[in-house]
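Engineer: What shape does this take:
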Amino acid sequence: MESVAQMGAKALSELGACLDKIDETEVVELIEILATSKRICLYGGGREGLMMRALCMRLYHMGLDVHMVADMTTPPVGPGDLLLVSAGPGNISTVQALLGQARRDGAKTACFTAEPGSPVTLSSDFTFIIPAQTMARDTSGPTSFLPMGSLYEGAQFLFYEILVIMLRDRIGESPESMRARHTNLE
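Structural biologist: A predicted model of the protein is given here:
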């Protein structure tokens, strides 16, 4: 049996390979979309949803007007707002419905996915590809060492933290101003 260190090295190698394949022009465009949106609402299901919650928290720490879809305090979206969703496998009915509603009400839409050309990309104004295995491709072809969609979810977390640093610099926030917005109710 392999050691934790050996398995960790495999996992880190796969995560690094995903980040190596990220399109830098998409990063720049995503930063501008986030920096210029009036309000941002995020959605993701399951473990992807947990990663989106982590991103939501960091965007809040930067002082942005940000909310998770389905929270009781989530406001309506409209012109100038952004709905940002995650649909790694590319075709999730809840995500499709939310994108449709946001677009009908005039909000911009953007998605994170691992599946270029999938239905969710066709319903979004902007698509950001995280090139990682999801459950859409975990049973055919080369698969990740990590189970099911874990590679995508791990790549989400790492990329989101890097994105936050880049966005922080773009909007002129500092680590100190972010820390000042951290909750004191822990």
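
Engineer: Please name every helix or strand in contact with the lengthiest helix in the chain.
Structural biologist: The helix that spans the most residues within the chain, counting by DSSP state H, is helix 150-171. Packed against helix 150-171, as judged by 3 or more CB pairs under 8 Å, 6 or more residues apart in numbering; DSSP states H and E, are the following elements: helix 4-20, helix 24-36, helix 46-61. For every residue, glycine as well, the C-beta is placed using N, CA and C.

Engineer: Using a markdown table, lay out those together with mean neighbour count, distance to Val77 and mean pLDDT.
Structural biologist: Below are the helices and strands packed on helix 150-171 laid out as a markdown table (neighbours: other CB atoms under 10 Å; distance: least, CB to CB, whole Å; pLDDT from 0 to 100):
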| stretch | mean neighbour count | distance to Val77 | mean pLDDT |
| --- | --- | --- | --- |
| helix 4-20 | 13 | 30 | 94 |
| helix 24-36 | 14 | 14 | 98 |
| helix 46-61 | 19 | 14 | 97 |
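
Engineer: Export the ones you listed to CSV and append columns for distance to Leu146.
Structural biologist: Converted to CSV, these look like this (distance: least, CB to CB, whole Å):
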stretch, distance to Leu146
helix 4-20, 6
helix 24-36, 23
helix 46-61, 12
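
Engineer: So for Gln156, which of the ones you listed sits nearest?
Structural biologist: Ranking the helices and strands packed on helix 150-171 by proximity to Gln156 (CB to CB) places helix 46-61 first, at 4.0 Å.

Engineer: Which helix or strand lies directly C-terminal to the closest one?
Structural biologist: Under the assignment DSSP states H and E, the closest C-terminal helix or strand after helix 46-61 is strand 66-68.

Engineer: what does that following strand contact?
Structural biologist: 39-43, 52-53, 56, 59-60, 73-75 (CB atoms under 8 Å, 6 or more residues apart in numbering).

Engineer: how close does the nearest residue to Met51 once chain neighbours are set aside sit to Ile130?
Structural biologist: Distances taken as CB to CB, 6 or more residues apart in numbering put Gln156 closest to Met51, at 4.0 Å, once the chain neighbours are dropped. Gln156 sits 6 Å away from Ile130, going by CB to CB, to the nearest Å.

Engineer: what residue ranges in this protein score low on pLDDT?
Structural biologist: Regions of the chain meeting the criterion pLDDT under 70 cover residues 138, 141-142.

Engineer: make it 90
Structural biologist: Applying pLDDT under 90 to the chain flags residues 1, 89-91, 132-151, 186.

Engineer: that older thread, so which bits of the longest helix of the chain are buried?
Structural biologist: Residues 150-156, 158-160, 163-164, 167-168 are the ones in helix 150-171 that count as buried (16 or more other CB atoms under 10 Å).

Engineer: Can you convert these into JSON lines and add a column each for distance to Thr183?
Structural biologist: Listed next are these as JSON lines, based on distance: CB to CB, whole Å:
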{"residue": "Ser150", "distance to Thr183": "28"}
{"residue": "Leu151", "distance to Thr183": "31"}
{"residue": "Tyr152", "distance to Thr183": "28"}
{"residue": "Glu153", "distance to Thr183": "24"}
{"residue": "Gly154", "distance to Thr183": "25"}
{"residue": "Ala155", "distance to Thr183": "27"}
{"residue": "Gln156", "distance to Thr183": "23"}
{"residue": "Leu158", "distance to Thr183": "23"}
{"residue": "Phe159", "distance to Thr183": "24"}
{"residue": "Tyr160", "distance to Thr183": "19"}
{"residue": "Leu163", "distance to Thr183": "21"}
{"residue": "Val164", "distance to Thr183": "17"}
{"residue": "Leu167", "distance to Thr183": "20"}
{"residue": "Arg168", "distance to Thr183": "18"}
